[in-house]
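In: Here is my input, please return the structure:
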Amino acid sequence: MYLNTQLGFENFKMRLRSKIFVDKSMIIEILNERVDTDERFICITRPRRFGKSQLTYLLESYYSKVVESAQIFSQLKISETESYENHLNKYNVIKIDFSSVAISDTYEEYIGRVIDFLVNDLEEQYSSVDCKKYTRLWDKLDRIYMKLYQRDVLVVAINYSDKREQHTCAIRQVDYEQEM
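Out: Now for the predicted structure:
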């Protein structure tokens, strides 16, 4: 779990250096078409070992505003599309990788750990905003928005795994102006 880090980008660059790399960047075009629409919530389900984690690295690398990935993406198919530059490195990205959270005894403990990780990341990333008095994650996000007047979108890449199946929620767009 993390907010605006370069870990996904580093993982994506490592995949690009592999002998076998399949350019799946055109999925970004599908996602770009859905930004700022009612169809902005997308869930991709695939069997185990089908590249869902790789997809999250791709999305983090493309959308995250804390990386400079134009040089890499200019060599991929997505660079030939009309929307390519409109969304490249423009957003805050929160990635939640549920497979990296230790299995707890209860659902409440499990989700509590996820929220704790997110809260810690938010407080570290936005240390200039005093949001310690707020206890709920959403309240902290609202406080950060109100203080910094951020008009950008948070893209959340979620990678979830259980013993039966795995899921990747490719994009969850949070538009503060509509949600508030």
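
In: and Tyr126, how far is that from Arg136?
Out: 16 Å (Cβ to Cβ, to the nearest Å). Using the backbone N, CA and C atoms, a C-beta is placed for each residue, glycine as well.

In: actually Ser69, not the one I wrote
Out: Ser69 sits at a distance of 33 Å from Arg136 (criterion: Cβ to Cβ).

In: looking at the protein, which helix or strand is least sure?
Out: helix 176-179 (a mean of 40; mean pLDDT, DSSP states H and E).

In: can you pull out the strands in this protein?
Out: Assigned by DSSP state E, the strands in the chain fall at 2-3, 42-46, 92-97, 154-161, 166-171, 173-174.

In: Quick check: which ranges of the chain have low pLDDT?
Out: Scanning the chain for pLDDT under 70 picks out 1-2, 47, 98-105, 148-180.

In: what about the longest helix in it?
Out: As assigned by DSSP state H, the longest helix anywhere in the chain is helix 107-125.

In: helices and strands around it, which ones?
Out: Applying 3 or more Cβ pairs under 8 Å, 6 or more residues apart in numbering; DSSP states H and E, one finds that helix 107-125 contacts strand 2-3, strand 92-97, helix 137-148.

In: Let's see that helix as CSV, backbone CA atoms only.
Out: As requested, C-alpha coordinates have been extracted for helix 107-125 and formatted as CSV (Å, rounded to 0.1, in the frame of the first residue of the first chain):
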residue,chain,number,x,y,z
TYR,A,107,-12.3,-8.9,8.5
GLU,A,108,-12.4,-5.8,10.7
GLU,A,109,-8.7,-6.2,11.7
TYR,A,110,-7.7,-6.8,8.0
ILE,A,111,-9.5,-3.7,6.8
GLY,A,112,-8.2,-1.7,9.8
ARG,A,113,-4.6,-2.5,8.8
VAL,A,114,-5.3,-1.3,5.2
ILE,A,115,-6.8,1.9,6.5
ASP,A,116,-3.9,2.4,8.9
PHE,A,117,-1.4,2.0,6.1
LEU,A,118,-3.3,4.6,3.9
VAL,A,119,-3.6,7.1,6.8
ASN,A,120,0.1,6.8,7.5
ASP,A,121,1.0,7.4,3.8
LEU,A,122,-1.4,10.4,3.6
GLU,A,123,-0.1,12.0,6.8
GLU,A,124,3.5,11.5,5.6
GLN,A,125,2.9,12.8,2.0
